[in-house]
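Asks: Output the structure for:
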Amino acid sequence: MSSVSSGQSSSSMSFQLIPLGKLGESPTNPRKHFDAAKLEELSRSIKEVGVLEPLIVRAHKNGDGAAFQVVCGARRYRASKLAGLADIPATIREFTDDQVRLIQLAENGAREDLSPLDEAEAYAALAADGLDAAAIAKTLGKKTREVARRLPLAKLAKSVKEAIASGLLPVGHGEYLARIPDAKLQEEALERFLYDANEYGEGKPLYAAVPLAIAKRIVEEEFMTSLSVAIFDPEDATLSPLGACSKCPHLAGNNPDLFGDVKAKAVCTNPKDFRLKVANHLAKLRDSGYTVLISKNEVKRAFPFSGSDEVGKEFVDLERMCMDDPKRRTFEELLGRGEKLKMIFALKDGRVRKLYPAKDIRAALVASGHSFAKEKKPQQQPGNGKDAARSAAKLEEIGNAAVSRDLATKLRGVKLTPGGWIELLLQIVVLVQDWRVE
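Replies: Model prediction:
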């Protein structure tokens, strides 16, 4: 056991036997999870040899009628109850609430079996008293980075804590999820962290966690955003209660103890705040006269194909390459400053897309000084124009004359029979049909 504030070891102090019924547990004890199997093992040991190390308690009413509160030794206290002891050796000391919290942290921090979640809750209790990660680390003799990585675990979503406590999710994965400040987003990321290892087998799903490197990539690529892609001004302090990005605690570069392994420092680790800034920036653009598509129906107008990022025929995606440009630049790169004032902004799946009316894009490119965008007159093809029309008429005239001569020759070869003129007309009909077939 760690030494208490007096510098004396608890085992060297005088103690007395206190009835178990007069003891109660401390609510500030960092250890919240007790392994049932290990408690049972300790209780068997106590039955055989007794409690070898006295508890440290203080006179304090818990509200449950107990006269003393256990400061150190909660496992021994619980195991003694399981062993059926009537009383337990304990040293009575006087401590303030702050001293109790520090003593409990020091004692439990020295034990390897303390749950990471319990450790985080203990750090959070100290943080609630106004201590930052560096001060907590100094108080407990730990590294600041260790405390900084553990501390956010206390604010994890309930489902994530349960996954860690059950052993389904490694604590390292939990530390990456703790970098996401929104509980719902943490749960979304948790789903990405887990997969069914028995997907193609029989029986119930067997969930497992992806490798730690993949978990890190998921968080950094899907739940963090580089300020380089921000459509808003990162220094605009009016877009969010957190103010300018350069002063925000969620900027990776502003918290090296927690985000030291994130290579880029200008990275927003708070997706919720980033989206808020985007939404407020778009509202400002709309107030300034820009066309902004935000509602579901407005966005569907620009992206009419379900489940696709393809822009409809009414618009041009300014991020797309202009194939008529010999240098293959994007449409946005080609537009001049004046023409960019006519851009349309659409919020699609949390990302701002820049569009332009398809019917105006060619004129905008010409106005921006690009000669390749000018309309080209269709080249005369052989057979087109007035000469082609006169040639066609001449050919038709020649053809009609040839057909008439052929028909006249065939009619002259027809001899009148006693059947008279009716038979002659029938012959003419046959000749005309033959001519059409030919």
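Asks: Would you confirm that I88 belongs to a helix?
Replies: No. Read with DSSP: H, G, I helix; E, B strand; the rest coil, I88 is strand and lies in no helix.
Asks: Now do the same contact list for it.
Replies: 17-18, 20, 23, 51, 54-55, 76-77, 80 (Cβ atoms under 8 Å, 6 or more residues apart in numbering). From N, CA and C alone the C-beta is placed, and that goes for glycine too.
Asks: Report the buried residues of the helix or strand encompassing D273.
Replies: Here D273, judged by DSSP states H and E, is contained in helix 271-287. Going by neighbour count (16 or more other Cβ atoms under 10 Å), the buried part of helix 271-287 is 271, 273-275, 277-279, 281-282, 285.
Asks: next SSE after it?
Replies: Assigned by DSSP H and E, the successor of helix 271-287 is strand 291-293.
Asks: The helix or strand following that following strand - what's its average pLDDT?
Replies: With elements assigned by DSSP H and E, the helix or strand that comes after strand 291-293 is helix 296-302. Averaged over helix 296-302, pLDDT sits at 89.
Asks: Identify the residues contacting helix 296-302?
Replies: 293, 311-312, 314-315, 344, 346-348, 353, 355.
Asks: Tabulate those in TSV, adding columns for secondary structure.
Replies: What follows is the contacts of helix 296-302, written out as TSV (three-state DSSP):
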residue	secondary structure
L293	strand
V311	coil
G312	coil
E314	coil
F315	strand
I344	strand
A346	strand
L347	strand
K348	strand
R353	strand
L355	strand
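Asks: Among those residues, find me the one that's closest to A86.
Replies: L347 (68.9 Å; Cβ to Cβ).
Asks: Tell me which stretches of the stretch 151-300 of the chain form helices.
Replies: Ranges of helices in the stretch 151-300 of the chain, per DSSP state H, counting those that start in this stretch, are 158-165, 171-177, 183-193, 212-222, 256-259, 271-287, 296-302.
Asks: Which elements pack onto the longest one?
Replies: Using 3 or more Cβ pairs under 8 Å, 6 or more residues apart in numbering; DSSP states H and E as the contact criterion, the secondary-structure elements in contact with helix 271-287 are strand 291-293, strand 344-348.
Asks: could you check the angle helix 212-222 makes with it?
Replies: Orientation check (axes from the mean of the first three to the mean of the last three Cα atoms, to 10 degrees): helix 271-287 against helix 212-222 gives 20 degrees.
Asks: Contacts for helix 271-287 next, please.
Replies: Here helix 271-287 has contacts from 180-182, 185, 223-225, 230-233, 236, 238-240, 242, 248, 250, 268, 292, 294, 345, 347, 350, 352, using Cβ under 8 Å, 6+ apart.
Asks: Over to the fourth one?
Replies: Residues from elsewhere that reach helix 212-222, judged by Cβ under 8 Å, 6+ apart: 170, 172-173, 176-177, 179-180, 189, 192-193, 209-210, 261-262, 267.
Asks: got the CA positions of it in CSV?
Replies: The C-alpha coordinates for helix 212-222 follow below in CSV (Å, rounded to 0.1, in the frame of the first residue of the first chain):
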residue,chain,number,x,y,z
LEU,A,212,-5.5,-0.4,-33.7
ALA,A,213,-3.9,1.2,-36.9
ILE,A,214,-7.2,0.9,-38.7
ALA,A,215,-9.1,2.4,-35.7
LYS,A,216,-6.7,5.4,-35.8
ARG,A,217,-7.2,5.9,-39.5
ILE,A,218,-11.0,5.7,-39.1
VAL,A,219,-11.0,8.4,-36.5
GLU,A,220,-8.6,10.7,-38.2
GLU,A,221,-10.1,10.4,-41.7
GLU,A,222,-13.8,10.1,-40.9
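Asks: Flag the shaky bits of the chain, pLDDT-wise.
Replies: 1-13, 62-65, 106-114, 199-203, 376-438 (pLDDT under 70).
Asks: Just the buried ones among the contacts of helix 271-287, please.
Replies: Judged by 16+ other Cβ under 10 Å, buried ones among these: 180-182, 185, 223-225, 230, 232, 236, 239-240, 242, 248, 250, 268, 292, 345, 347, 352.
Asks: Cool, thanks, signing off.
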